[in-house]
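Asker: Please find the sequence and the predicted model below.
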Amino acid sequence: MSVTLLIEQLLNGVQLGTMLFLMASGLTLVFGVMGLINLAHGSFYMVGAYATAAVTASTGSFLIGLAAGMTAAALVGALVELIVIRRLYHRPHLDQVLATFALILIFSEGTRWIFGSSPLWLSPPSWLTGFVTLPGDTRYPVYRLVLIGVGVAIAIALYLLISRTRLGMRIRAGESDREMIGALGVNIAKLYTVVFALGAALAGLAGALVGALQSVQVGMGEPVLILAFVVIVIGGIGSIKGALLGALLVGVVDTLGRVYLPLFFQTFMPPSEATGVGSSLAAMLIYILMAVILAFKPKGLFAAND
């Protein structure tokens, strides 16, 4: 258990956490402002990844592909809100779950029809490849450090958007009293579309960035969506600050658990058994963390209305 391994895995956990934050921040905004349970949020993650991979392959520019991925996710999100989601705001949560689950199937099959079943491959640009040497002689990929930086920058930008702008004021008001801001003349329908498109764009950005680390394939958004729901439950529904802290907690705990639990069990169990037991417990670790936090903070760490 070297210091180098620990530093590397901590950074991996932070990188996972920042990408989860991009997913969870949009999800918690949508639920906080609109009261909507959106299971299709992971589909925007997939849309961003596929659009980025396709445009990067055709133009040769990763940055143009990244912009295209965010734009595609935002536009698809806005269309989904206008065509489908707008009819669900005053429906029971069960109806919202069923409708957005249907959207998952539609997006998955539509993507398979357009791009095929084979995964696409997306590589970061050459100027983001290579390694940097960190304290302790730890060599760490440049691209993963850039992902951490992007996540931090987006967190700061979201904080400024929510706390310092007129749109942010309306979003905060929408979380507290939707009827009142409507009575004051705010166009609620337009606000909902903007918030939903913003959340979709953030999910698309996360998918585009993570797509360069793994294959871009149908259904890639669903596992991340599950983690994003864990994040917003831990952090507090409707809280951007909670989404950030919850994402970092989930990212670090999940990453360290998957590396160190099998090593821990190997100290008193045969390696084959230790790997199986450690991996199984590591998969449950974030849910145990969620249960412990909810036992003491039933509304999450930073409930929006606290």
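Answerer: Received it, and whenever you're ready, just let me know what you need.

Asker: where do the helices sit along this protein?
Answerer: In the chain, the helices defined using DSSP state H lie at 3-34, 41-59, 62-83, 93-115, 142-164, 166-176, 178-183, 188-211, 221-235, 240-265, 271-296.

Asker: so which of those comes closest to Phe302?
Answerer: Proximity to Phe302 (C-beta to C-beta) singles out helix 240-265 among these, at 3.5 Å. In short, each C-beta sits where N, CA and C put it, glycine included.

Asker: Enumerate every residue touching the nearest residue in space to Ile64 that is not next to it in sequence.
Answerer: Counting by C-beta to C-beta, 6 or more residues apart in numbering, Val55 is the residue found nearest to Ile64 once chain neighbours are left out, at 6.1 Å. By C-beta atoms under 8 Å, 6 or more residues apart in numbering, the contact list for Val55 reads Ile64, Gly65, Ala68, Gly69.

Asker: Of the residues you listed, keep whichever come out buried.
Answerer: Gly65, Ala68, Gly69 (16 or more other C-beta atoms under 10 Å).

Asker: give the contact list for the first one.
Answerer: The neighbourhood of Gly65, defined by C-beta under 8 Å, 6+ apart, consists of Ala51, Thr52, Ala53, Ala54, Val55, Thr56, Ala57, Thr59, Leu122, Ala208.

Asker: now do the second one
Answerer: The neighbourhood of Ala68, defined by C-beta under 8 Å, 6+ apart, consists of Ala51, Thr52, Ala54, Val55.

Asker: ok, the buried ones among the contacts of Val55 vs Gly77, which is closest?
Answerer: For the buried ones among the contacts of Val55, the nearest to Gly77 is Gly69 (12.4 Å; C-beta to C-beta).

Asker: how close does the closest one get to Ile114?
Answerer: The gap separating Gly69 from Ile114 is 15 Å, by C-beta to C-beta, to the nearest Å.

Asker: same question, Ala208
Answerer: 17 Å.

Asker: before we move on, back to that, show me which of the contacts of Val55 is closest to Ala303.
Answerer: Gly69 (32.2 Å).

Asker: where does Gly276 land on pLDDT?
Answerer: Looking at Gly276, its pLDDT reads 86.

Asker: ok, it - how many residues close by?
Answerer: 14 (other C-beta atoms under 10 Å).

Asker: Could you point out which residue ranges in the stretch 101-250 of the chain have low pLDDT?
Answerer: Applying pLDDT under 70 to the stretch 101-250 of the chain flags the ranges 174-179, 182, 184.
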